Structures are given as C-alpha cells and as structure tokens.
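Colleague: Return a 3D structure for these sequence lines:
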Amino acid sequence: MDIEDKLSSRFCVHDLSIFYLLYQEMATEMRHDIMVHYKGSINHILNIDPDKYNHMDLFADSCEIALSNVPASHVITLDLYGVVPRSEVRIELKYDQDLLRMFGLYVGIKEIPIYFGVAHSSTPIGFEETHETNMH
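Modeller: Model prediction:
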C-alpha cells in the first residue's frame with residue numbers, strides 16, 4: 001500500500017487537498033542551508049531557494065568552496081551525494097531530479113548535509129613528460 005492509499009483511507013478527499021496545498025505552500029516558502037562536507041571540513045551555502053537552484057549550481061558552489069586549493073590543471077572525478085534524513089541511506093546527486101528529490105525529503109528541515117569527495121585524482125596531463133624532459 002503506497003502513501004496515497006494510506007492517506008486516503010484515513011482522510012477524505014477534501015482533507016487530502018488541504019494537506020497537499022499546505023505541503024506545496026511550505027515547500028515553496030522553505031529555504032535551505034546546504035552544508036558541504038569535504039575532507040573533514042564543513043562549508044555553508046546559505047539561503048537556497050529550491051525552486052531556483054539546480055544541480056549545476058550545487059556543483060559549481062561546492063567546487064568553489066571545497067576545491068579552491070586544487071590546481072585547475074589536475075584531472076579529478078567527483079562524487080556528490082546526500083543522505084535521507086535520519087538515516088545513512090546515500091542519495092547520489094548527479095542530475096537535477098536527484099537534487100529535487102533531496103529538497104523534497106528535506107521539506108521542513110533547514111539544513112541539508114551534502115557530501116563532496118574526490119573519487120579519482122591524477123596529475124596534470126603531460127606533467128610526467130615535461131617533468132622528465134626538464135630533468136635531462
């Protein structure tokens with residue numbers, strides 16, 4: 001039995017429509033603070049409007065605050081994920097839909113923890129050849 005069946009068995013249609021309107025109003029008015037966790041530090045992205053914030057915004061903001069000391073010439077692969085509230089279930093954040101789902105899970109909760117990690121890092125392309133050439 002899904003959530004709609006459970007709700008409709010307890011409430012009449014009128015109650016459900018009021019519940020839905022209140023939920024929509026709360027969701028549209030709620031702004032979040034995103035707490036970006038990276039290498040033991042926490043950086044804040046404050047006052048995010050879920051209706052105007054997308055995956056690329058999150059990615060750009062997270063890179064700006066967490067990767068400021070990584071040289072631009074390095075090749076890195078990044079992981080960006082959140083967790084379901086009051087659990088340890090990870091939600092990968094790869095697309096706008098993932099971020100929207102995350103905002104939906106955190107309706108009524110001000111702070112959203114996001115975890116940012118480097119899955120792969122390598123030296124700049126061509127660095128080894130240049131370095132070896134300079135040594136001879």
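Colleague: what pLDDT does T28 get?
Modeller: Here the pLDDT value assigned to T28 is 52.
Colleague: My read is that M30 contacts G108, right?
Modeller: Yes: between M30 and G108 there is a contact under C-beta atoms under 8 Å: 6.8 Å. To be clear about C-beta, it is placed using only N, CA and C from the backbone, and glycine gets the same treatment.
Colleague: more crowded one of these two?
Modeller: Higher neighbour count among M30 and G108: M30, with 17 against 9, using other C-beta atoms under 10 Å.
Colleague: ok so P85 is a strand residue?
Modeller: No: assigned with DSSP: H, G, I helix; E, B strand; the rest coil, P85 falls outside any strand and is coil.
Colleague: Can you name the residues that contact it?
Modeller: L105, Y106, I109 (C-beta atoms under 8 Å, 6 or more residues apart in numbering).
Colleague: Of those residues - the most surrounded one?
Modeller: Within the contacts of P85, neighbour counts (other C-beta under 10 Å) peak at Y106, which reaches 20 neighbours.
Colleague: what's the longest strand along the chain in contact with?
Modeller: Ranked by residue count under DSSP state E, the longest strand found in the chain is strand 111-122. Strand 111-122 is contacted from outside by 32-38, 58, 62, 66, 70, 74-83, 93, 102-103, 106, using C-beta under 8 Å, 6+ apart.
Colleague: what's the model's confidence in that strand, averaged?
Modeller: Across strand 111-122, the per-residue pLDDT values average to 82.
Colleague: Could you list the buried residues of it?
Modeller: I112, I114, Y115, F116 (16 or more other C-beta atoms under 10 Å).
Colleague: Can you list the strands that that strand pairs with?
Modeller: Partners of strand 111-122 in the sheet, by DSSP bridges, are strand 32-38 (parallel), strand 75-83 (antiparallel).
Colleague: okay, those strands, which one's buried deepest?
Modeller: strand 32-38 (a mean of 18; mean count of other C-beta atoms under 10 Å).
Colleague: Past it, which element shows up next along the chain?
Modeller: Going down the chain from strand 32-38, the next helix or strand is strand 41-48, by DSSP states H and E.
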